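Chemist: What follows is a protein structure lacking sequence information:
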């Protein structure tokens with residue numbers, strides 16, 4: 001799909017691109033000749049609406065059936081009307097177009113108080129003798145402007161003026177005619193900062209005028225953009241100089257291209273982050289939900305080859321999710337198997353990903369050449385993963401020999417304050433490792449793994465990690481995980497310090513192969529008959545943070561624990 005950058009005009013930055021989403025669409029099967037109406041279907045993101053009994057439409061048809069401005073009404077199961085047409089030509093299909101609410105040839109105005117009115121339409125081509133089935137959709141497009149809270153608090157009135165307006169609709173085809181002027185649409189300030197309206201499905205621009213309570217007025221221009229019937233477009237408006245960041249799905253797509261050194265329309269990385277010294281911090285400003293189509297446009301951030309000592313392709317900066325969520329990302333694009341793969345290919349020693357939630361991601365990718373470099377979030381971590389949550393994700397289709405690590409595949413840095421919850425396997429994999437597959441010289445500290453279902457693993461594994469060499473694992477706990485081939489902590493540990501780790505149950509020893517030179521203590525199953533129970537576990541974890549944590553890792557920022565509604569302990573932000 002084509003997307004355009006919207007430029008700075010006066011005091012406003014109209015940012016940062018439009019995200020094309022299907023508008024909630026009404027689908028119905030219109031049976032003119034007396035059969036039942038099919039049930040409403042669902043769209044990709046939300047349940048569709050349904051036309052209620054008493055709804056009316058105008059029906060137009062040519063070819064095998066001729067009808068013009070035929071009024072029909074919905075009785076709850078089918079459409080009915082007087083003098084229903086009959087088939088006139090058995091050799092031609094009936095080509096029909098229906099409009100709800102009714103649309104007539106002499107229709108004069110498509111606007112109310114300057115706003116374009118919603119119009120549903122359905123087109124169908126039906127062969128002789130068959131029932132006519134209609135599926136309704138929105139004729140116009142919808143645009144949604146998200147105004148930053150800082151700017152929205154100043155607004156008294158906001159005015160949008162599209163460059164084109166609708167002057168006519170051909171009822172035989174749904175094609176529209178336009179004129180070059182349109183009336184301004186005025187909206188008073190609303191608290192949520194969301195302003196939406198319908199626009200014609202064509203290429204147009206939108207002039208924006210903002211009036212403030214202080215008597216100032218700002219202007220901006222949404223440059224020409226192509227809109228399509230039945231889709232929703234989301235754009236952001238913020239004051240020039242406001243904190244940069246990623247506000248929309250389109251922003252995130254642009255960011256993943258730009259961070260890899262690619263040109264993306266007229267966008268720039270400066271829109272999404274701010275630089276302090278040699279480090280740039282990129283900010284996520286909203287929860288973002290992706291369609292499968294949009295997921296295909298998201299690039300892996302960086303491309304780091306296995307065994308590459310140069311560090312080329314690693315993410316060197318900070319990605320701050322600010323507690324927001326990336327939802328429904330679909331990992332399917334093929335990647336050369338010599339690369340570490342995930343949302344981020346890898347973090348360098350200076351790279352950080354923090355305060356980010358990755359929810360309902362689906363991993364369905366088979367890399368060529370190797371199958372042991374993959375993860376949902378980060379392929380290889382040499383930096384810090386801090387306060388990240390991986391939740392309700394699915395490993396859908398990978399090779400059976402795949403050595404998958406959910407949060408990261410290989411950890412040589414720090415993983416702290418992270419939670420992996422409810423990871424599901426759809427097909428058999430070699431191992432099930434919730435935090436990392438391989439912890440080599442890395443630290444896994446103050447983390448939690450809950451409700452992961454690793455029942456389809458072919459080999460023994462470890463829930464926190466499979467193998468740990470020259471590493472540390474401290475103050476972690478597990479709850480409600482499944483998989484009878486998994487050790488609670490890890491499968492193999494060499495020269496690794498493992499302390500204060502707790503689990504509710506384990507079909508095997510918490511550590512599979514523990515060398516004699518591994519310092520370890522307080523690795524225990526908690527329960528009602530022990531001094532550590534589900535009621536006091538959060539207190540035990542907090543005691544370690546306040547004592548050992550702050551002493552051993554003075555450079556780290558720890559989250560504390562509190563008792564959860566369904567879990568004995570959850571991490572909480574300060």
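Modeler: All right, it came through fine. Predicted, not measured: the structure shown is a model, and the values here were computed from it.
Chemist: Need the single longest helix in the chain, by residues.
Modeler: In the chain, with assignment by DSSP state H, the single longest helix is helix 249-258.
Chemist: thought residue 294 was touching residue 251?
Modeler: No - using CB atoms under 8 Å, residue 294 is not in contact with residue 251, being 11.6 Å away. For glycine as for every other residue, the C-beta is placed from the backbone atoms N, C-alpha and C.
Chemist: Would you pull up how far the longest helix of the chain lies from the middle of the chain?
Modeler: Per CA atoms, centre = their mean, to the nearest Å, the displacement of helix 249-258 from the mean C-alpha position of its chain is 12 Å.
Chemist: Then stretch 380-400?
Modeler: Centroid displacement of stretch 380-400 relative to its chain, using CA atoms, centre = their mean, is 15 Å.
Chemist: returning to that earlier point: report all helices and strands that the helix or strand just after the longest helix of the chain contacts.
Modeler: Toward the C-terminal end, the helix or strand that comes next after helix 249-258 (DSSP states H and E) is strand 273-276. Secondary-structure packing of strand 273-276 (3 or more CB pairs under 8 Å, 6 or more residues apart in numbering; DSSP states H and E): strand 279-283.
Chemist: Just the helices from the stretch 151-300 of the chain, written as ranges.
Modeler: Taking DSSP state H, counting those that start in this stretch as the test, the helices found in the stretch 151-300 of the chain are 249-258, 292-295.
Chemist: Include distance to residue 158 when you put those into TSV, please.
Modeler: Shown next, in TSV, are those (distance: least, CB to CB, whole Å):
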stretch	distance to residue 158
helix 249-258	21
helix 292-295	28
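Chemist: From what I see, residue 511 and residue 498 are in contact.
Modeler: Yes - taking contacts as CB under 8 Å, residue 511 lies within contact range of residue 498: 6.8 Å.
Chemist: what about the strands in the stretch 101-250 of the chain?
Modeler: Along the stretch 101-250 of the chain, the stretches classed as strands by DSSP state E, counting those that start in this stretch are 111-112, 115-116, 120-126, 137-138, 141-147, 155-162, 165-169, 176-179, 185-188, 194-199, 203-212, 217-226, 231-239.
Chemist: Run through the stretch 1-150 of the chain and note the low-pLDDT ranges.
Modeler: 1-49 (pLDDT under 70).
Chemist: if we go to 80?
Modeler: The stretch 1-150 of the chain contains residues with pLDDT under 80 at 1-50, 77, 148-150.
Chemist: All the helices of it, in order from the start?
Modeler: Going by DSSP H, counting those that start in this stretch, the stretch 1-150 of the chain shows helices at 149-152.
Chemist: can you count the residues close to residue 183?
Modeler: For residue 183, the neighbour count with other CB atoms under 10 Å is 12.
Chemist: any weak-confidence spans in the stretch 151-300 of the chain?
Modeler: Judged by pLDDT under 80, the stretches of the stretch 151-300 of the chain that qualify are 234, 236, 238-243, 266.
Chemist: how is the protein carved up into domains?
Modeler: For the chain, automatic domain parsing gives the domain ranges 56-135, 287-572.
Chemist: Quickly compare the ones you listed and say which is most buried.
Modeler: Comparing the domains of the chain by mean neighbour count (mean count of other CB atoms under 10 Å), domain 287-572 ranks first with a mean of 20.
Chemist: Now do the end-to-end distance for that domain.
Modeler: 19 Å (CA to CA, to the nearest Å).
Chemist: Show which residues not belonging to the longest helix of the chain make contact with it.
Modeler: Residues from elsewhere that reach helix 249-258 (CB atoms under 8 Å, 6 or more residues apart in numbering): 3, 15-19, 234, 236, 245-246, 263-265, 267-269, 271-272, 282, 284, 288-290, 294, 297-301, 326.
Chemist: Pretty sure residue 81 is one of the things residue 74 touches, is it not?
Modeler: No - no contact is recorded between residue 74 and residue 81 when judged using CB under 8 Å, the distance being 10.3 Å.
Chemist: Could you find the closest non-adjacent residue to residue 59?
Modeler: Of all residues not flanking residue 59 in the chain, residue 70 sits nearest, at 4.2 Å (CB to CB, 6 or more residues apart in numbering).
Chemist: Look up how far residue 133 lies from that neighbour.
Modeler: 17 Å (CB to CB, to the nearest Å).
Chemist: Just name the most buried of the helices of the stretch 151-300 of the chain.
Modeler: Across the helices of the stretch 151-300 of the chain, averaging neighbours per residue (mean count of other CB under 10 Å) puts helix 249-258 on top, at a mean of 23.
Chemist: Tally up the residues packed near the closest residue to residue 159 other than its chain neighbours, please.
Modeler: In space, and not counting its chain neighbours, residue 159 is closest to residue 209: 4.3 Å by CB to CB, 6+ apart. By other CB under 10 Å, the residues close to residue 209 number 15.
Chemist: And the one 4 residues further on, by the same measure?
Modeler: Using other CB under 10 Å, residue 213 has 11 neighbouring residues.
Chemist: One more: the one 5 residues further on?
Modeler: One way to gauge burial is a neighbour count; for residue 218, by other CB under 10 Å, it gives 20.
Chemist: buried set for stretch 217-231?
Modeler: Buried residues in stretch 217-231, counted by 16 or more other CB atoms under 10 Å: 218, 220, 221, 222, 225, 226, 227, 229, 230, 231.
Chemist: hey, what's the fifth one bridged with?
Modeler: The one in question is residue 225. Using DSSP bridges, the beta-bridge partners of residue 225 come out as residue 204.
Chemist: how near is the residue nearest to residue 59 to residue 104?
Modeler: From residue 70 over to residue 104 (counting by CB to CB), the distance is 11 Å.
Chemist: Give me the common contacts of those two.
Modeler: residue 58.
Chemist: for the spatially closest residue to residue 186 that is not a sequence neighbour, what are its contacts?
Modeler: Closest residue in space to residue 186, ignoring its immediate chain neighbours: residue 159 at 5.0 Å, by CB to CB, 6+ apart. Applying CB under 8 Å, 6+ apart to residue 159 gives the contacts 184, 185, 186, 187, 208, 209, 210, 211.
Chemist: out of those, who has the most neighbours?
Modeler: residue 210 leads the contacts of residue 159 on contacts (other CB under 10 Å) with 24 neighbours.
Chemist: Dig out what that residue forms beta bridges with.
Modeler: residue 158, residue 218.
Chemist: show me the contacts for it.
Modeler: 12, 151, 155, 157, 158, 159, 217, 218, 219, 220.
Chemist: Let's have the residues you listed in TSV, adding distance to residue 65.
Modeler: What follows is the contacts of residue 210, written out as TSV (distance: CB to CB, whole Å):
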residue	distance to residue 65
12	52
151	54
155	52
157	50
158	47
159	46
217	55
218	54
219	51
220	49
